[in-house]
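1. predicted model follows, preceded by the sequence.
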Amino acid sequence: MIGRMIPRAAGLMLISAAIAACSGAPRSSAASASSTDVGQFLARVNETMLKLGIAQNRAGWTQQTYINDDTEAMAARANQEYLDAITRFAKEATSFDRVNSSAEQRRQLTLLKVALVMATPSNPAESDELTKITARLESTYGKGKWCTDPSKPDSCKTIDDVTRIMATSRNERDLRAAWEGWHAIGPAMRRDYTRFVELSNTGAKELGFADTGAMWRAKYDMPPDAYTKELDRLWEQVRPLYLKLHAYARLKLRATYGDIVPASGPIPAHLLGNIWAQEWPNIYPLLAPATADAGFSLTDILKTRKASATDMVRIGERFYTSLGFDPLPKTFWERSLLVRPRDREVVCHASAWDIDFETDVRIKMCIEPTAEDFTTIHHELGHNMYQRAYKDQPVIFRDSANDGFHEAIGDTIALSVTPEYLVRINLLGKAPDASRDVGLLMMRALEKVAFLPFGLLIDQWRWKVFAGEVAPAQYNKAWWDLRLKYQGVAPPAPRGEEFFDPAAKYHVPDNTPYTRYFLADILQFQFHRALAKTAGCTLPLHRCSIYESKEAGRRLNAMLSMGQSRPWPDALEALTGEKQMDATAILDYFAPLSKWLDQQLEGKPIGW
Ligand SMILES: [Zn+2]
């Protein structure tokens, strides 16, 4: 089930940031500014960000829900105006480095300096070129299709079609054709991406960062080096569980597909039920424990009930209101895009928007009656609830504690979608007994545990690319080296530099940082463990649902309403009582599955 890999509105991402103890931003030489000036400056920044941010959101929403040359041009222009303003402010903020100011003002200044996902160069021609390239990359991806016969438009398959084939086919040749067909959209983006890296690095350097990747790493309330160590520590906590899951999946895929799956090497990337092998729930039927299948399918239930997109979103909304959150506003229902329109091109990739940074929240999704979309709805609504909870903060603070937090909230709620919960809302007649838990845990592990190395490696690749450690001539090789190292997967056939496979993944052409999804994956279990305790749940962690727990809702809201007004460890503490991220909640949650995997893998190879 997709969840974590969904970006929020583009506008918001530009102000998603957190403090860095040593961001590398330039020191000011002019110390003539006063603390009064700081207040005036920040008032101007907040006002401008709001005005330009709203304009950018409106243009972006229109472009993504109606792709054509005009909306593309308008969105590019609104993006550029917003980016130029933030870039100017970020540079200006450094002139207050040595001015006395309140803690709140200081935090706003620091956030501003690390606010950008992409800094445009001050040279207007370069700035213009960069914004055009980013709009073009997004559109190229959005219009991407697999055309088996390019002379016949009818033969072209959208990403939805390819996704469906990858999810349901068990024919190796068909899977390989679909996989290769989708990845053929990549090479057209290689030149733009290469130029994008150069230009965005120029902008980052002007802000005092070594490169764009260094700028991204400066956002986590800790020195960039400590941050990368923290990621390593978290990955090491969960890696043994991933290795077991990988070994078991390989064993079962080998039983299905034969020698094309090696007994002890990497798994072919096209056999895991997903275009990017980023999560594996679609191959669950091949891996299902013989005596512990859950015995029901939420997708089947939704289909049988003929659940509409609106029905499904209403169910998601009800979970949040059961915790004490206000219902979604009328405008949400009027303005959201919930199904794929038949008459125009749209970016169907699900996202949540906060158009006016206040109450005009929306989601954009092409919903189908599946368990996957059911979960994604909870994910997107989590963004909307967060956005509304921090709306009274100064504009600069209207974002999550760090970007992993924003992605984690809806997924935390989805962890409470237990069989007992489905029974309580009348979607399921009777919950399976505890002996079936291993089946449900397997399903969830294929989603959450399988995702972890993928969540980590996208930015490992980009950080090397931005830093110049990986030259354009090695883009594709470096990509597959990392996929092997972290995921233990390999392409169906060698992929030379005539390909550009990273661009076949949305977040690369869209330039959305990805480590947030890794963090979100870790955090959601930590949040779930804490909220389940608050709700008084004494069952094993995977059986707890916080549905209707006002007390859990209160704790959750205490954190959400802080926005990013405080460093993220404070926000983490408000919800969990802990200041450090901790992946052991994942191990707790999956403990019964881990034990079961040990039994299945006795004497079998682990690793690759
Ligand atoms: Zn998301």
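-> Nice, thanks for sending it over.
2. name the nearest residue to residue 550, sequence neighbours excluded.
-> Leaving out its chain neighbours, the residue that sits closest to residue 550 by Cβ to Cβ, 6 or more residues apart in numbering is residue 324, at 4.9 Å. Yep, even glycine has a C-beta here, placed from its N, CA and C like the rest.
3. how about that neighbour, what does it touch?
-> The neighbours of residue 324, taking Cβ atoms under 8 Å, 6 or more residues apart in numbering as the test, are 550, 553-554, 557.
4. of the residues you listed, list those near the ion.
-> With Cβ under 5 Å from the ion as the criterion, the subset of the contacts of residue 324 in contact with the ion is empty.
5. which one of those sits closest to residue 227?
-> For the contacts of residue 324, the residue nearest residue 227 by Cβ to Cβ is residue 557; the value is 27.6 Å.
6. quick one: residue 361 and residue 354 touch, right?
-> Yes - here residue 361 lies in contact with residue 354, judged by Cβ atoms under 8 Å, at a distance of 5.3 Å.
7. need the overlap of contacts for those two.
-> By Cβ under 8 Å, 6+ apart, the residues touching both residue 361 and residue 354 are 384, 387-388.
8. now the host helix or strand of residue 138, how far from the centre of its chain.
-> Secondary structure here is read from DSSP states H and E; on that basis residue 138 sits in helix 124-142. Centre-to-centre, helix 124-142 and its host chain are 22 Å apart (Cα atoms, centre = their mean, to the nearest Å).
9. could you pull out the strands for the protein?
-> Under the criterion DSSP state E, the chain carries strands at the ranges 146-147, 156-157, 267-268, 351-354, 361-364, 489-490.
10. what's the closest of those to the ion?
-> Closest approach to the ion among the strands of the chain (Cβ to the ion): strand 351-354, 6.5 Å.
11. hmm, that closest one touching the ion?
-> No - residues of strand 351-354 contacting the ion under Cβ under 5 Å from the ion: none, with a closest distance of 6.5 Å.
12. what packs against that strand?
-> Helices and strands touching strand 351-354, by 3 or more Cβ pairs under 8 Å, 6 or more residues apart in numbering; DSSP states H and E, are helix 35-65, strand 361-364, helix 371-389.
13. got the contact list for the shortest one?
-> In this structure, residues lying in contact with strand 361-364 by Cβ under 8 Å, 6+ apart are 61, 64-65, 313, 328-329, 331-332, 335-338, 346-347, 350-355, 377, 380-381, 384, 387-388.
14. is any part of that strand close to the ion?
-> No - Strand 361-364 lies apart from the ion when judged by Cβ under 5 Å from the ion; the minimum separation is 10.1 Å.
15. restricting to C-alpha, output that strand in PDB.
-> Output for strand 361-364, consisting of C-alpha atoms alone and laid out as PDB, is shown next (Å, rounded to 0.1, in the frame of the first residue of the first chain):
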ATOM      1  CA  VAL A 361      -7.400  21.900   2.400                       C
ATOM      2  CA  ARG A 362      -7.900  19.300  -0.500                       C
ATOM      3  CA  ILE A 363      -6.700  16.000  -1.700                       C
ATOM      4  CA  LYS A 364      -5.900  15.100  -5.300                       C
END
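16. before we move on, back to that, now intersect the contacts of residue 324 with the helices, please.
-> When the contacts of residue 324 are checked against helices using DSSP state H, the ones located there are 550, 553-554, 557.
17. just the buried residues of these.
-> Buried residues within those, defined by neighbour count using 16 or more other Cβ atoms under 10 Å: 553, 557.
18. what would the ones in helices among the contacts of residue 324 look like in a markdown table with distance to residue 203 and pLDDT?
-> Formatted as a markdown table, the entries for those read as follows, by distance: Cβ to Cβ, whole Å; pLDDT from 0 to 100:
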| residue | distance to residue 203 | pLDDT |
| --- | --- | --- |
| 550 | 46 | 98 |
| 553 | 41 | 98 |
| 554 | 42 | 97 |
| 557 | 37 | 97 |
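19. which one of the ones in helices among the contacts of residue 324 is nearest residue 457?
-> Residue 457 has its nearest neighbour among those in residue 557, at 33.9 Å by Cβ to Cβ.
20. right, and that closest one touches residue 325 too?
-> Yes - proximity of residue 557 to residue 325 meets the contact threshold set by Cβ under 8 Å, at 7.2 Å.
21. thinking again about what came up before, quick one: closest of the helices and strands packed on strand 351-354 to residue 78.
-> Within those, the stretch nearest residue 78 is helix 35-65; the backing value is 3.7 Å (Cβ to Cβ).
22. now do that closest one against helix 124-142, angle only.
-> Relative orientation of helix 35-65 with respect to helix 124-142: 40 degrees, computed using axes from the mean of the first three to the mean of the last three Cα atoms, to 10 degrees.
23. from residue 521, how far off is residue 231?
-> For residue 231, the distance to residue 521 under the criterion Cβ to Cβ, to the nearest Å works out to 12 Å.
24. and the strands of the chain as CSV, adding mean neighbour count and mean pLDDT?
-> Formatted as CSV, the entries for the strands of the chain read as follows, by neighbours: other Cβ atoms under 10 Å; pLDDT from 0 to 100:
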stretch, mean neighbour count, mean pLDDT
strand 146-147, 18, 94
strand 156-157, 16, 94
strand 267-268, 23, 98
strand 351-354, 26, 96
strand 361-364, 25, 97
strand 489-490, 21, 98
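25. tabulate the ones you listed (a markdown table), appending distance to residue 281.
-> As requested, those are exported to a markdown table (distance: least, Cβ to Cβ, whole Å):
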| stretch | distance to residue 281 |
| --- | --- |
| strand 146-147 | 22 |
| strand 156-157 | 22 |
| strand 267-268 | 15 |
| strand 351-354 | 21 |
| strand 361-364 | 22 |
| strand 489-490 | 16 |
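26. returning to what we had before: let me know the closest of the contacts of residue 324 to the ion.
-> residue 557 (18.9 Å).
27. list the contacts of the closest residue to that closest one other than its chain neighbours.
-> By the measure of Cβ to Cβ, 6+ apart, the closest residue to residue 557 outside its immediate chain neighbours is residue 389, 5.9 Å from it. Taking Cβ under 8 Å, 6+ apart as the criterion, residue 389 is in contact with 557, 560-561, 563.
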